[in-house]
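Engineer: curious how this folds, go ahead:
(chains A, B and C)
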Amino acid sequence: MSVLPRSFYERDPAIVAKELLGKILVRRLGSESLSGKIVETEAYYGENDPASKAYKGRKKFNELMFFDVGKAFIYMVHGNWLLNIVAHAKGDVGAVLIRALEPQEGVEIMQRQRKANSLNKLTSGPGMLAKALAITKELNGIDVTERSSELFIVEGVMEKIQICSSHRIGVKIDLPQDLRFFIMRNKFVSKPRK
DNA sequence: AGGAAGATCTACT
DNA sequence: GTAGATCTTCCTA
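Structural biologist: Okay, here's the model as predicted:
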């Protein structure tokens, strides 16, 4: 399967978020390989998005959002690491939050990273998936368009998926438009409705 | 130094 | 299903 090229991420975050659904996130861990299908995402913008980490302008910890499209932007919230992929049009600011995966390879290892959780709770939330794939600050800034990276995203198998949208989860002040996208009737989506 | 933060787990009704 | 404690950085004072 081919790795998604950098140009894939050089578009409006909402478009990238929508098109990332059904793609495969791969985590290389030594000789092991963990992977999962992306089933839920959210788009975040820059200075005009109150929920965005970039809202208050460029800081040291968020500067990735301003430049390197196609890289991982990882930060901690409430004791959980959250994985974003930097994505925006040229000269713009933004990122896509990966909210949920459907586990594929390395399920046993993922279960070991967490505490022997049931399969449908393994990666159905942004903090859970990061833990299951051993994603931490160490991977911040990693290039997901490089197959040699410890973390990258590949084209999934072509399949028909139905995409739903909703407002974003857990944000204080949301934008009027729907910026959360997920695959309809997929049981690994964190919150099917709302 | 103190608090907020894009969440999760546990313990209840 | 809903409520509350707790998770660990970074930001602001």
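
Engineer: switch to C-alpha atoms for all contacts and neighbour counts from now on
Structural biologist: Fine.

Engineer: helices and strands of chain A: which one bottoms out on pLDDT?
Structural biologist: When the helices and strands of chain A are scored by mean pLDDT, DSSP states H and E, helix A:107-113 comes last with a mean of 91.

Engineer: and that one, what does it pack onto?
Structural biologist: Secondary-structure packing of helix A:107-113 (3 or more Cα pairs under 8 Å, 6 or more residues apart in numbering; DSSP states H and E): strand A:32-44, helix A:126-132.

Engineer: can you name the residues in contact with stretch A:54-71?
Structural biologist: Outside of stretch A:54-71, the residues within contact range by Cα atoms under 8 Å, 6 or more residues apart in numbering are A:6, A:9-10, A:45-49, A:53, A:73, A:85-88, A:91-95, A:141-145.

Engineer: quick one, which of those are buried?
Structural biologist: A:6, A:9-10, A:45-47, A:49, A:53, A:73, A:85-88, A:92-95, A:141-145 (16 or more other Cα atoms under 10 Å).

Engineer: return the subset of these lying in strands.
Structural biologist: With DSSP state E as the criterion, strands contain A:73, A:85-86, A:95 from among the buried ones among the contacts of stretch A:54-71.

Engineer: these into CSV, with extra columns for distance to residue A:64 and pLDDT?
Structural biologist: Listed next are those as CSV, based on distance: Cα to Cα, whole Å; pLDDT from 0 to 100:
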residue, distance to residue A:64, pLDDT
A:73, 7, 95
A:85, 10, 96
A:86, 7, 96
A:95, 9, 95
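
Engineer: what does chain A put close to DNA strand C?
Structural biologist: Within chain A, the residues that sit near DNA strand C (Cα under 7 Å from any atom of the strand) are A:56, A:59-62, A:75-80.

Engineer: got a PyMOL select line for the buried ones in those residues?
Structural biologist: One line in PyMOL is enough to select the buried ones among the residues of chain A next to DNA strand C; burial here means 16+ other Cα under 10 Å:
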select buried, chain A and resi 62+75
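
Engineer: ok, for the most centrally placed residue in chain A, nearest residue in space, not its chain neighbours?
Structural biologist: Compute the mean C-alpha point of chain A, and by Cα atoms, centre = their mean the closest residue is residue A:98, 2.0 Å away. Using Cα to Cα, 6 or more residues apart in numbering and skipping the chain neighbours, the partner closest in space to residue A:98 is residue A:41 (4.7 Å).
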